[in-house]
Every structure is written in structure tokens, then in C-alpha cells.
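Visitor: sequence and predicted model, in that order:
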Amino acid sequence: MAESSRAREEKTEYYEVDELLKNLNLQVEELNNVVLGKEEVRRWPEVKWLAAAKILTRKAFSMQPLKNTMMAAWSPPQEVTFHELEPKKIVLQAHCLGDWKRIVEEGPWLFRGCALMKKPFDGAIVVPAIIPSGVKAWIQIHKIPPLFRNKDVTTQLATRVGEVIMVDMAVVQTRTGAFHRARVKLDSIKPLTRFVPFALEGSDDESKKRRVLRH
């Protein structure tokens with residue numbers, strides 16, 4: 001019986017080049033750098049529209065379903081190239097600025113319920129030195145008393161959740177009440193902040209309990 005694609009995927013082995021080099025007994029001549037002149041490098045065609053990416057999951061997955069899902073979400077007019085570096089770590093290359101900005105600046109982009117974290121990459125090294133660890137997402141801010149419905153207060157509340165990218169002060173009406181929105185960058189290493197209380201300076205605990213923010 002043929003192995004399933006998932007079973008083959010789980011058996012895939014990735015090796016660190018630095019670890020392999022330790023076993024080669026390299027000679028002095030082999031360690032001499034190829035030195036590239038700065039002027040020479042400036043004359044080369046610019047490598048554009050790259051992004052380092054990582055899927056926020058511990059589960060194994062294959063590249064083709066990821067690519068199919070992302071291409072359907074992005075709907076790019078041109079192809080986007082996926083280069084798998086090691087499990088869950090990828091370099092993406094768009095072929096126009098509009099596609100690149102949509103991939104990097106918009107989202108969150110989800111694959112099987114897991115976020116695709118991404119950040120710009122200049123292509124100067126093979127493997128990005130810093131792997132993305134943040135997710136850009138919209139949060140809902142509920143139950144702000146009318147007196148405090150301003151951008152300063154909303155920004156302070158959103159800062160407790162993540163790095164604030166922008167605050168949208170337009171009120172969104174729903175059947176369960178109105179809320180404001182903020183776009184933040186969530187740190188994947190930290191627990192998600194689900195509740196933020198606030199109070200006027202000097203107010204007692206009961207007053208604080210009546211002014212509650214949820215997102």
C-alpha cells in the first residue's frame with residue numbers, strides 16, 4: 001500500500017548546513033571568502049517583493065495545499081512563488097508590488113485555522129535571520145463609555161493587546177451592541193490578551209468593574 005502524503009511529509013528530514021560543515025574537515029583554502037565589490041552588487045538587478053513567512057502551527061502540512069489556499073485568498077493577477085526552507089518556514093516572492101503589499105500588509109491569512117506570519121525579506125542571505133513571529137489582526141473593542149470614545153483612549157486599550165498599527169473610530173453596530181476596531185500586531189510567543197479593564201485615576205474597584213473592555 002502506498003504511503004500517504006502526510007506520512008511521507010512527516011519523514012522528511014532537514015539538516016542545518018552549519019552542522020554538516022563541522023564534519024567536512026575543510027582546508028584553509030576552502031575557507032577563503034569570495035569578496036563581492038559594493039559597486040558590482042549595485043549594478044545587479046534588484047531582487048524585489050520577497051517576504052519571509054511561517055505557519056503558526058505544530059502540525060505537519062504539505063506545501064501544495066498551503067499554496068492553493070493562499071492563492072485563493074490573495075487572488076493575485078500574477079504568480080506568487082513559494083520556497084520552502086524547512087518545516088513551516090517559507091520565502092514568498094510576488095511579481096508585482098500590489099501583490100506583495102496585499103500579502104505582507106493585509107490579512108490575517110489563515111491556513112487550516114492557523115495564521116501565516118510574514119515580514120519583508122531583502123534576500124541578502126539564504127535563510128532569513130529573523131523568522132516572523134507576529135500576526136496582524138483586527139480586534140473589536142466593546143463597551144467603551146461615551147465619555148471615553150476617542151482615539152487616545154481606544155489606542156491605549158488596543159496597546160494592551162498588541163502593537164497598534166491603526167485605530168478605526170467608526171462605530172460598528174451589531175445586534176449585540178456597538179464596538180470600535182483597531183488593527184494590531186499580535187506576538188505569537190505571548191498569550192492572547194482577551195480582557196482589558198480600565199478606570200479613571202483614583203476610582204474604586206466597583207467603578208473599575210463597571211468600565212470593562214472586551215475584544
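Guide: Right, received. Where do you want to start?
Visitor: show me where this structure has its strands.
Guide: 50-55, 81-86, 89-93, 110-111, 114-121, 134-142, 163-174, 177-187, 195-197, 212-214 (DSSP state E).
Visitor: for the longest one, what is the average pLDDT?
Guide: Averaging pLDDT along strand 163-174 yields 90.
Visitor: name the nearest residue to the residue positioned nearest the centre of the chain, sequence neighbours excluded.
Guide: Against the mean C-alpha coordinate of the chain, by Cα atoms, centre = their mean, the closest residue is Met117 at 2.3 Å. The shortest distance from Met117 to any non-neighbouring residue, by Cβ to Cβ, 6 or more residues apart in numbering, is to Pro132 (3.9 Å). In short, each C-beta sits where N, CA and C put it, glycine included.
Visitor: ok, back up a step: show me the contacts for the residue nearest to the centre of the chain.
Guide: Ala53, Lys54, Ile55, Leu56, Pro132, Ser133, Gly134, Val135, Ser188 (Cβ atoms under 8 Å, 6 or more residues apart in numbering).
Visitor: try 10 Å
Guide: 52-56, 88, 107-109, 131-136, 185-186, 188 (Cβ atoms under 10 Å, 6 or more residues apart in numbering).
Visitor: which strand residues bridge the residue lying closest to Gly107 once chain neighbours are set aside?
Guide: Distances taken as Cβ to Cβ, 6+ apart put Lys136 closest to Gly107, at 5.6 Å, once the chain neighbours are dropped. For Lys136, the beta-bridge partners are Lys185 (DSSP bridges).
Visitor: ok, now how distant is the spatially closest residue to Val153 that is not a sequence neighbour from Thr155?
Guide: Leaving aside its sequence neighbours, Val153 sits nearest to Ile144 (Cβ to Cβ, 6+ apart; 6.9 Å). As judged by Cβ to Cβ, to the nearest Å, Ile144 and Thr155 stand 12 Å apart.
Visitor: neighbour count: those two, which is higher?
Guide: Using other Cβ atoms under 10 Å as the criterion, Ile144 and Thr155 rank with Ile144 on top: 20 against 14.
Visitor: where are the low-confidence patches of this structure?
Guide: 1-18, 20-21, 29-47, 203-215 (pLDDT under 70).
Visitor: out of the strands of the chain, which is closest to Asn23?
Guide: strand 81-86 (19.3 Å; Cβ to Cβ).
Visitor: which elements pack onto that closest one?
Guide: Here strand 81-86 touches strand 50-55, helix 63-74, strand 89-93, going by 3 or more Cβ pairs under 10 Å, 6 or more residues apart in numbering; DSSP states H and E.
Visitor: change it to 7 Å
Guide: helix 63-74, strand 89-93 (3 or more Cβ pairs under 7 Å, 6 or more residues apart in numbering; DSSP states H and E).
Visitor: of these, which stretch is the most buried?
Guide: Mean neighbours per residue, mean count of other Cβ atoms under 10 Å, is largest over the helices and strands packed on strand 81-86 for strand 89-93, with a mean of 20.
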